[in-house]
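K.L.:
From the sequence below, what's the structure:
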Amino acid sequence: MALSWEVIGIIGLVTDMVKLEPYTNEWKNEFEKEKEGLSTLLNDFKVDIQHVGSTSIEGCCAKPIIDILIGIESLDFSEKLIALFLEHGYIYKFNVPGEIYFKKQCDGLTTHHIHIAPIQGQVWKNQILFRDYLRLHPEKLQEYMELKQDLAIQYPDERDRYSKEKEDFILQILFDAENEVIRKRPKKEI
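P.N.:
Numbers count the residues shown, from 1 in each chain. A predicted model of the protein is given here:
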């Protein structure tokens, strides 16, 4: 699944580099193209493929790398999934509790991050909750973008440090989002 030449410039970033780009609808288009290929690749599995991360949030500046979350029933098929993705040119990064992680590259640039997680697991829930909360709360999205921009200036060549410095904000958003979900649940009658 090679990328076409017109994609170069829309997505892709050198490993460890932090460079934010203004939101573009092209990110959504690139997600849809990759989703189509992944759906074919995973046609033997029951999956839910979601666009997550900053490129999935309209108006959000982001590193031009498409984050894709693949929800699967369980990770019992980890070895089969890893072999399948490797066979199709993805780069296996790691397998941590609750997630298998790959990246896709083209001409030395990372273009996609692929996260595979159980659909009822915490990785799945957190990714979806974070995305959806920021889509619904423009004031929090603005705070997040300001934080990202400040950190990108401080750590232009240290992506791990950039990510680490966002953790407290992300945890607070997840806490707020979970509380909002709880408040919206119908109250049970006694």
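K.L.:
Could you use CA atoms for every contact and neighbour count after this?
P.N.:
Will do.
K.L.:
any idea how far residue 158 is from residue 133?
P.N.:
Relative to residue 158, residue 133 is positioned 27 Å away (criterion: Cα to Cα, to the nearest Å).
K.L.:
residues near residue 39, how many?
P.N.:
For residue 39, the tally of surrounding residues (other Cα atoms under 10 Å) stands at 16.
K.L.:
Among residue 133 and residue 158, which residue is more densely surrounded?
P.N.:
For residue 133 versus residue 158, neighbours defined as other Cα under 10 Å are more numerous around residue 133 (20 against 16).
K.L.:
For the closest residue to the more buried one other than its chain neighbours, what are phi and psi?
P.N.:
If the residues on either side of it in the chain are set aside, residue 133 comes closest to residue 177, at 6.0 Å by Cα to Cα, 6 or more residues apart in numbering. As for residue 177, its main-chain torsions (degrees, to the nearest 10) stand at phi -70, psi -40.
K.L.:
Against residue 136, how distant is residue 177?
P.N.:
As defined by Cα to Cα, residue 177 lies at a distance of 10 Å from residue 136.
K.L.:
Please apply the same query to residue 120.
P.N.:
Where residue 136 is concerned, residue 120 sits at a distance of 22 Å (Cα to Cα).
K.L.:
right, and the secondary structure at the residue at minimal distance from the centre of the chain would be what?
P.N.:
Central residue of the chain (Cα atoms, centre = their mean): residue 67, 3.1 Å from the mean position. Here residue 67 takes the strand state, with states given by DSSP: H, G, I helix; E, B strand; the rest coil.
K.L.:
Which pLDDT does the model give it?
P.N.:
Here the pLDDT value assigned to residue 67 is 98.
K.L.:
For it, list the residues it contacts.
P.N.:
If a contact means Cα atoms under 8 Å, 6 or more residues apart in numbering, then residue 67 has 51, 52, 53, 55, 56, 112, 113, 114, 115 as its contacts.
K.L.:
Next, the first one: secondary structure please.
P.N.:
Following three-state DSSP, residue 51 is assigned to strand.
K.L.:
Count the neighbours of it for me.
P.N.:
Residue 51 is flanked by 22 other residues according to other Cα under 10 Å.
K.L.:
One more: the third one?
P.N.:
Residue 53 has 20 neighbouring residues, counting by other Cα under 10 Å.
K.L.:
how about the nearest residue to it, chain neighbours excluded?
P.N.:
What sits nearest to residue 53 in space, not counting adjacent residues and going by Cα to Cα, 6+ apart, is residue 67, at 5.6 Å.
K.L.:
Identify the bridge partners of that neighbour.
P.N.:
Note on residue 67: beta-bridge partners residue 52, residue 113, judged by DSSP bridges.
K.L.:
Then the one 5 residues further on?
P.N.:
Taking DSSP bridges, one obtains residue 47, residue 118 as the residues bridged to residue 72.
K.L.:
hang on, isn't it packed against residue 115?
P.N.:
No. Residue 72 is beyond contact range of residue 115, at 10.5 Å (criterion: Cα atoms under 8 Å).
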